[in-house]
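*Asks:* Sequence and predicted model, in that order:
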Amino acid sequence: MLRFALAMGKRVLGAVRDLLPIVAVIVFFQAVVLQQAFPDVVSVTIGLICVVAGLALFIQGLESGLFPLGEALAEGMAQKGSTFWLVALAFCLGFGTTVAEPALIAVAAEAAEVASEARFIGYSQSDQDQYAFELRLVVAVAVGIAIVLGVLRILRGWPIHYFIIGGYVLVMLMTVFAPEEIVGVAYDSGGVTTSTITVPLITALGVGLASAIRGRNPMLDGFGLIAFASLTPMICVLGYGMLS
Amino acid sequence: MILDSLQLFGETLLDTMRDVAPIVIILVVFQVAVLRRRPPNIAGIVTGSVMVLLGLALFLIGLDQALFPIGETMARQLTEEAQSLAGTVRWEEYWLVYIFAAAIGFATTVAEPSLIAVGLKAQEVSSGAVSAWGLRIAVAIGVAAGVALGCFRIVTGTPLPFYIVGAYIIVILQTYLSNRTIVPLAYDSGGVTTSTVTVPVVAALGLGLAANVPGRSPLIDGFGLIAFASVFPIMSVLGYAISADWVDRWRRRKQRQEAEQ
């Protein structure tokens, strides 16, 4: 109990340090640059306390729950030695965590609006909804494939930069041919697939796999899954924009 | 008041659980059906996961109550102020916006939970060679530079692909110059920065700027800041690694020269 209290105390201090820059920026611009009174100090302070407590709990829970879970799963799958099930797990994790991602839902709706403005699709709401839903499925499949590729890369020890540079070249080529209106949305979509719970879990999975497989270096092979997951949505949204 | 906040907490918790549900189902199915065994220390994993859920819900509520409204209002006010200064668009008039963009990009990145997670993991895996705090600062500097440049792009209305393709070319060159152990981590740090804290504030900044600068459309020019915020950290992390390498090599050469003398 005492050890837990000590650990939490350390996390709270860490969280305060993490949030200080935001508070400093806001206070500085509010007071010095915009020269405005601070709005509703009480509710802001309560909110900040929530943020600090939440961040401390989250990090502590990550270390005692999410990281060990991801690692245990990776280790178990590596011992089982079945590439099929590993690939299945990778696809499910990528697809499952992306299809319901709130940020993706928002970006898909924006993309539908852009497409309808540019007259690729009809003006009606149902046309837009249909487009947004298909786009979400496309991106979710793309992230599933990305995690599969990333896991295969860890298994085989392929160097990552061929994939990422190849992906960049593909994005550049597609940018030339894709309709101009979709490019901004497509570039932004790379960032949306990596939510706060997915990132730690997928990182733990990659590092766990690379540690469990003989001949793999966790630093060299364990990282990189997130990079795959943020590259493929760009390619898919650009491709989708070119097709429709 | 208390009842309201309890209800808000409950709703946010439910939303968070709904986001997490697919992940939990996948993990349980694979653990039970494919591996057919219990994970070690199941009690720790369950309490840890509950803490993650509660913590994330609290964190999101706090952001919604305290930080997002102010951040978004400030982004709007700053862009409006700049507009009233200039009739025609002159990019220098918006210098306050660039400074705000860099400062808020840096600050939100330092507080980004998924970046903290990746930093912790990198520190553990590299047995301390990569420090979690150092990685986060390097990434935050990249985001700051990226968001500021992205705002400059919105103000000037120059095409987004020029910047992003240019950034890609630099990243490719840097990849070949740097020590290959850092490359996967650097690529990853591009994706993790654009998460819970950074995206809403930065997106509000971009949309507000595009709406207020004459001749820009929010629909076309408002996007792209997230893309800047995800490429530039790769550049700053690789750049940091390359320069650390150079300094290290230079120091060793100097030591060798001194030893020879």
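*Replies:* That came through, no problem. Numbering: from 1, shown residues only, chains lettered A, B, ... in the order given.

*Asks:* Any stretches of the chain with poor pLDDT?
*Replies:* Using chain A here. A:37-39, A:118-122, A:192-193, A:244 (pLDDT under 70).

*Asks:* think we crossed wires, I meant chain B
*Replies:* Checking chain B against pLDDT under 70 turns up B:1-2, B:81-89, B:219.

*Asks:* How about the longest helix anywhere in it, which residues are buried there?
*Replies:* Assignment by DSSP state H gives helix B:225-260 as the longest helix of chain B. Residues of helix B:225-260 classed as buried: B:225-241 (neighbour count, 16 or more other Cβ atoms under 10 Å in any protein chain shown). Glycine gets a C-beta too; all of them are placed from N, C-alpha and C.

*Asks:* and what of stretch A:148-162?
*Replies:* A:148-151, A:153-155, A:160-161.

*Asks:* Which single one of the residues you listed is nearest to residue B:49?
*Replies:* The shortest approach to residue B:49 among these belongs to residue A:151, at 22.8 Å (Cβ to Cβ).

*Asks:* roughly how far apart are that closest one and chain B?
*Replies:* As judged by Cβ to the nearest Cβ, to the nearest Å, residue A:151 and chain B stand 13 Å apart.

*Asks:* Check which residues of the host helix or strand of that residue are buried.
*Replies:* In the assignment (DSSP states H and E), residue A:151 maps to helix A:125-156. Applying a neighbour-count criterion of 16+ other Cβ under 10 Å, one finds A:128, A:131-132, A:135-136, A:138-151, A:153-155 buried in helix A:125-156.

*Asks:* who does that helix touch, helix- and strand-wise?
*Replies:* helix A:83-99, helix A:102-117, helix A:160-177, helix A:198-212, helix A:225-243 (3 or more Cβ pairs under 8 Å, 6 or more residues apart in numbering or on different chains; DSSP states H and E).

*Asks:* could you pick out which of the buried residues of helix B:225-260 are near chain A?
*Replies:* B:225-227, B:229-230 (Cβ under 8 Å from any Cβ of the partner chain).

*Asks:* In JSON lines: those, plus distance to residue B:199.
*Replies:* As requested, those are exported to JSON lines (distance: Cβ to Cβ, whole Å):
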{"residue": "B:225", "distance to residue B:199": "9"}
{"residue": "B:226", "distance to residue B:199": "6"}
{"residue": "B:227", "distance to residue B:199": "12"}
{"residue": "B:229", "distance to residue B:199": "8"}
{"residue": "B:230", "distance to residue B:199": "10"}
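
*Asks:* Excluding residues flanking it in the chain, which one is nearest residue 136?
*Replies:* No chain was given, so I picked chain A. Nearest residue to residue A:136 in three dimensions, chain neighbours excluded: residue A:108, at 4.8 Å (Cβ to Cβ, 6 or more residues apart in numbering or on different chains).

*Asks:* switch to chain B, that's the one I care about
*Replies:* Nearest to residue B:136 is residue B:119, by Cβ to Cβ, 6+ apart, at 5.2 Å.

*Asks:* Nearest the middle, which residue of the chain would you pick?
*Replies:* Unless you meant another one, I'm taking chain A. Taking Cα atoms, centre = their mean as the criterion, residue A:194 is the residue nearest the geometric centre of chain A, at 0.5 Å.

*Asks:* ah, I was thinking of chain B
*Replies:* residue B:193 (2.0 Å).

*Asks:* Contacts only, for that one.
*Replies:* A:191, B:109, B:112, B:115, B:139, B:142-143, B:229-230, B:233 (Cβ atoms under 8 Å, 6 or more residues apart in numbering or on different chains).

*Asks:* can you tell me how far residue A:141 sits from residue A:95?
*Replies:* Separation of residue A:141 from residue A:95 (Cβ to Cβ, to the nearest Å) stands at 6 Å.

*Asks:* If you could redo that for residue B:57, that was the one I meant.
*Replies:* Counting by Cβ to Cβ - residue B:57 and residue A:95 are separated by 25 Å.

*Asks:* higher neighbour count, those two?
*Replies:* residue B:57 (24 against 21; other Cβ atoms under 10 Å in any protein chain shown).

*Asks:* okay but that one is in contact with residue B:18, surely?
*Replies:* No: between residue B:57 and residue B:18 there is no contact under Cβ atoms under 8 Å: 11.5 Å.

*Asks:* which residues touch the closest residue to chain B within chain A?
*Replies:* Proximity of chain A to chain B (Cβ to the nearest Cβ) peaks at residue A:65, 1.8 Å away. Going by Cβ under 8 Å, 6+ apart, residue A:65 touches B:44-52.

*Asks:* which of those residues are close to chain A?
*Replies:* Okay, of the contacts of residue A:65 touching chain A (Cβ under 8 Å from any Cβ), that's B:44-52.

*Asks:* Looking at the contacts of residue A:65, state which has the most neighbours.
*Replies:* residue B:52 (27 neighbours).

*Asks:* Remind me which helix or strand that one belongs to.
*Replies:* helix B:42-62.

*Asks:* now that helix against helix A:198-212, angle please.
*Replies:* With axes from the mean of the first three to the mean of the last three Cα atoms, to 10 degrees defining the directions, helix B:42-62 sits at 150 degrees from helix A:198-212.

*Asks:* which helices and strands does helix B:42-62 pack with?
*Replies:* helix A:41-61, helix A:67-80, helix B:2-29.

*Asks:* Now do the helix or strand that that helix is followed by and helix A:41-61, the angle between them.
*Replies:* Sequence-wise, the next helix or strand downstream of helix B:42-62 (DSSP H and E) is helix B:68-85. Counting by the same axes, to 10 degrees, helix B:68-85 lies at 120 degrees to helix A:41-61.

*Asks:* Walk me through the domains of chain A.
*Replies:* A:1-67, A:81-243 (automatic domain parsing).

*Asks:* Deepest in the core, which of these is it.
*Replies:* A comparison of the domains of chain A by mean neighbour count, using mean count of other Cβ atoms under 10 Å in any protein chain shown, puts domain A:81-243 on top with a mean of 21.

*Asks:* can you tell me the residue of chain B closest to chain A?
*Replies:* Closest point on chain B to chain A, by Cβ to the nearest Cβ, is residue B:48, at 1.8 Å.
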